[in-house]
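*Asks:* the amino acid sequence is not available; the structure is as follows:
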């Protein structure tokens, strides 16, 4: 790890914001497609699958980048429970970003559905045909989606809390562009 | 930590209100998308619930076409279909088939003579890794024009209000043609003598990318022998399953797969309207059913015959039914696979 920097690297910030858009779209598409029988159901499903695989690939890249470059240190005056929450939420995000696409892929495999991406590209089944596995993974994929969305809401609340209330530079560490008042994260 | 010109407490309060608003709007948008504010929205869950028979859901079974029997066989393409679709399934050759004969009822114990609609689920796999699934039934057209109307039909037919069906028929006059078919269409004593129709339209694309809207049918090779409903009622409750099992044990049974091409202006989005008889048809190959297996341990049991599982060279059309069927079949599949213990396989069945 390379310490010292107060901000995530540009590649990490790019991955963060790109994936933020993808994952939010994915969660809305997911709950939306389960709520309709209209033709848009098929459109949403046909986006959900390749977007999920894209998120899986991006998450693996991001994990490698994180292991290589690390993260900027949290402010020294941040209370220990908040430090712990920040750390645990990062673990949870990586587990969900990598786990959710795999659960979805595995769920389709266990149901013997073909896994078709854009352009008719097929992915192989990663699990045998099994109603038990399908049910297990379906439940995991479904309920963890709500956990994921709840975690994102907490994450956004925490980021805004850092940006607006604590003004401690934590938000700026992942902000897409450099803040205007670089020297004034804390007074 | 706040700006010197502002009251710190006020600034913090304002920020917290802003944060709460952002989170609240985010959560509300998610809930809206999920349909939680829209009780009128027709969801796959509501559709599957509406399919439940008055006798109660057949746990572990398909929520509709609950009674059925598996088969395996082969589809032999004659090559003629390649003029319509580039899908490998139409290239001359033999491709493995997995399927299911079934009855249009949500009661898995229904006496077979009482069920008017018979169906077939079909999966053809090709060496390029593509899969074509289809679920077809024997009426020549569907009872109603839209998935919403089909849902209302389920609600009306389950209603205790004696006027419910009359009211429904008033709003959806297309049901009359189906009613007439159900009353007058002849019955056979065998799945092998029935013709099965896709009813829904799909779009085929050939190698040049040219598209045609089509429907398809399986036309039996066996000569239909018509049997009166009264005579069928005297047969056992499972006479169709017993008959097809014995018949296929004696000799493979065949159907010709016939693709019908729409003319411009034909009702491609409305499966309750048959296309005129003179439309171009192409015989694309022969389905041969070689083996029958009981569903409980059979290969079709955990297959969802989702009609939108299509190979490259086929896609859905403006017909709204395949999308609705896909969403509802998936929900039925999710529920029944979670209930496997209520429909145990023989291998794990401890009952005497």
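*Replies:* Alright, I've got the coordinates. All values reported here derive from a predicted model rather than from experimental measurement.

*Asks:* gap between the lowest-mean-pLDDT helix or strand in chain A and the chain center?
*Replies:* Every helix and strand of chain A was ranked by mean pLDDT, DSSP states H and E. The lowest is strand A:115-116, at a mean of 90. Relative to its parent chain, strand A:115-116 has a centroid offset of 22 Å by CA atoms, centre = their mean, to the nearest Å.

*Asks:* same thing with stretch B:24-35?
*Replies:* The chain centroid and the centroid of stretch B:24-35 are separated by 31 Å, computed with CA atoms, centre = their mean.

*Asks:* quick one: is that stretch near chain A?
*Replies:* Yes: interface with chain A: stretch B:24-35 contributes B:26, B:27, B:29, B:30, B:33, B:34, B:35 (CB under 8 Å from any CB of the partner chain). Every residue, glycine included, has its C-beta placed from N, CA and C.

*Asks:* neighbours of the fifth one, how many?
*Replies:* Just to be clear, that refers to residue B:33. By the other CB atoms under 10 Å in any protein chain shown criterion, the neighbourhood of residue B:33 contains 20 residues.

*Asks:* is residue B:133 in a helix, a strand, or coil?
*Replies:* strand (DSSP: H, G, I helix; E, B strand; the rest coil).

*Asks:* about what we covered before: quick one: the least confident helix or strand of chain A near chain B?
*Replies:* No: Strand A:115-116 does not reach chain B (CB under 8 Å from any CB); its nearest approach is 8.7 Å.

*Asks:* which residues does that strand contact?
*Replies:* Strand A:115-116 has contacts (CB atoms under 8 Å, 6 or more residues apart in numbering or on different chains) with A:46, A:49, A:105, A:108, A:109, A:122, A:123, A:124, A:125.

*Asks:* so which of the residues you listed reach chain B?
*Replies:* Applying CB under 8 Å from any CB to those, one finds that residue A:122 fall near chain B.

*Asks:* just the contacts of strand A:115-116: which are in strands?
*Replies:* A:122, A:123 (DSSP state E).

*Asks:* any chance of the contacts of strand A:115-116 in a markdown table, plus neighbour count and pLDDT?
*Replies:* Converted to a markdown table, those look like this (neighbours: other CB atoms under 10 Å in any protein chain shown; pLDDT from 0 to 100):
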| residue | neighbour count | pLDDT |
| --- | --- | --- |
| A:46 | 15 | 95 |
| A:49 | 19 | 96 |
| A:105 | 22 | 98 |
| A:108 | 23 | 97 |
| A:109 | 22 | 98 |
| A:122 | 14 | 91 |
| A:123 | 16 | 95 |
| A:124 | 8 | 96 |
| A:125 | 17 | 97 |
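
*Asks:* and which of the contacts of strand A:115-116 is nearest residue B:214?
*Replies:* Nearest to residue B:214 among the contacts of strand A:115-116, counting by CB to CB, is residue A:46 at 21.0 Å.

*Asks:* how about the contacts made by the closest one?
*Replies:* Going by CB under 8 Å, 6+ apart, residue A:46 touches residue A:116.

*Asks:* what residues does the stretch 151-300 of chain B put near chain A?
*Replies:* Counting by CB under 8 Å from any CB, no residue of the stretch 151-300 of chain B sits close to chain A.

*Asks:* mind listing the helices for the stretch 151-300 of chain B?
*Replies:* B:164-171, B:175-184, B:229-233, B:239-250 (DSSP state H, counting those that start in this stretch).

*Asks:* now these as JSON lines including mean neighbour count?
*Replies:* Below are the helices of the stretch 151-300 of chain B laid out as JSON lines (neighbours: other CB atoms under 10 Å in any protein chain shown):
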{"stretch": "helix B:164-171", "mean neighbour count": "13"}
{"stretch": "helix B:175-184", "mean neighbour count": "13"}
{"stretch": "helix B:229-233", "mean neighbour count": "12"}
{"stretch": "helix B:239-250", "mean neighbour count": "17"}
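
*Asks:* now those as a markdown table including mean pLDDT?
*Replies:* Listed next are the helices of the stretch 151-300 of chain B as a markdown table, based on pLDDT from 0 to 100:
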| stretch | mean pLDDT |
| --- | --- |
| helix B:164-171 | 96 |
| helix B:175-184 | 97 |
| helix B:229-233 | 95 |
| helix B:239-250 | 98 |
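
*Asks:* distance to residue B:329 for those helices - can I get that in a markdown table?
*Replies:* Below are the helices of the stretch 151-300 of chain B laid out as a markdown table (distance: least, CB to CB, whole Å):
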| stretch | distance to residue B:329 |
| --- | --- |
| helix B:164-171 | 24 |
| helix B:175-184 | 21 |
| helix B:229-233 | 28 |
| helix B:239-250 | 22 |
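
*Asks:* returning to what we had before: of the contacts of strand A:115-116, closest to chain B?
*Replies:* Closest to chain B out of the contacts of strand A:115-116 is residue A:122 (4.9 Å), distances taken as CB to the nearest CB.

*Asks:* ok, the closest one - contacts?
*Replies:* Under the criterion of CB under 8 Å, 6+ apart, the neighbours of residue A:122 are A:114, A:115, A:116, B:129, B:130.

*Asks:* and the first one, what does it touch?
*Replies:* Okay, so that is residue A:114. A:122, B:129, B:130, B:131, B:309.

*Asks:* what about the helices in chain A?
*Replies:* Counting by DSSP state H, chain A has helices at residues A:10-33, A:40-69, A:80-110, A:131-160, A:170-174.

*Asks:* pick the most buried one from those helices.
*Replies:* Across the helices of chain A, averaging neighbours per residue (mean count of other CB atoms under 10 Å in any protein chain shown) puts helix A:170-174 on top, at a mean of 20.

*Asks:* what stretches of chain A score poorly on pLDDT?
*Replies:* A:1-4, A:178-187 (pLDDT under 70).

*Asks:* who's in contact with the most centrally placed residue in chain A?
*Replies:* Centroid-nearest residue in chain A: residue A:97, 4.4 Å away (criterion: CA atoms, centre = their mean). Contacts for residue A:97 (CB under 8 Å, 6+ apart) come out as A:19, A:23, A:55, A:56, A:58, A:59, A:62.

*Asks:* residue B:73: what secondary structure?
*Replies:* strand.

*Asks:* hmm, it is touching residue B:292, no?
*Replies:* No: the criterion here is CB atoms under 8 Å, and residue B:73 misses it with residue B:292 at 9.7 Å.

*Asks:* let me see the contact set for the closest residue to residue B:93 other than its chain neighbours.
*Replies:* Distances taken as CB to CB, 6 or more residues apart in numbering or on different chains put residue B:77 closest to residue B:93, at 5.8 Å, once the chain neighbours are dropped. With contacts defined as CB under 8 Å, 6+ apart, residue B:77 is in contact with B:89, B:90, B:91, B:92, B:93, B:94, B:95, B:284, B:285.

*Asks:* count of neighbours near residue B:20?
*Replies:* 12.

*Asks:* what of residue B:18?
*Replies:* 13.

*Asks:* circling back to that earlier point, PyMOL command to pick out the buried ones of the contacts of residue B:77?
*Replies:* Selecting only the buried entries of those in PyMOL, with 16 or more other CB atoms under 10 Å in any protein chain shown as the criterion:
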select buried, chain B and resi 89+90+91+93+95+284+285
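
*Asks:* name the nearest of the contacts of residue B:77 relative to residue A:129.
*Replies:* Among those, residue B:95 lies closest to residue A:129 (CB to CB), at 19.2 Å.

*Asks:* correct me, but the closest one touches residue B:89?
*Replies:* Yes: counting by CB under 8 Å, residue B:95 touches residue B:89, with 5.9 Å between them.

*Asks:* overlap of the contact sets of these two?
*Replies:* Counting by CB under 8 Å, 6+ apart, the shared contacts of residue B:95 and residue B:89 are B:75, B:77, B:124, B:126.

*Asks:* and stretch B:58-71, how far out from the chain middle?
*Replies:* The chain centre lies 12 Å from the centre of stretch B:58-71; the measure is CA atoms, centre = their mean.
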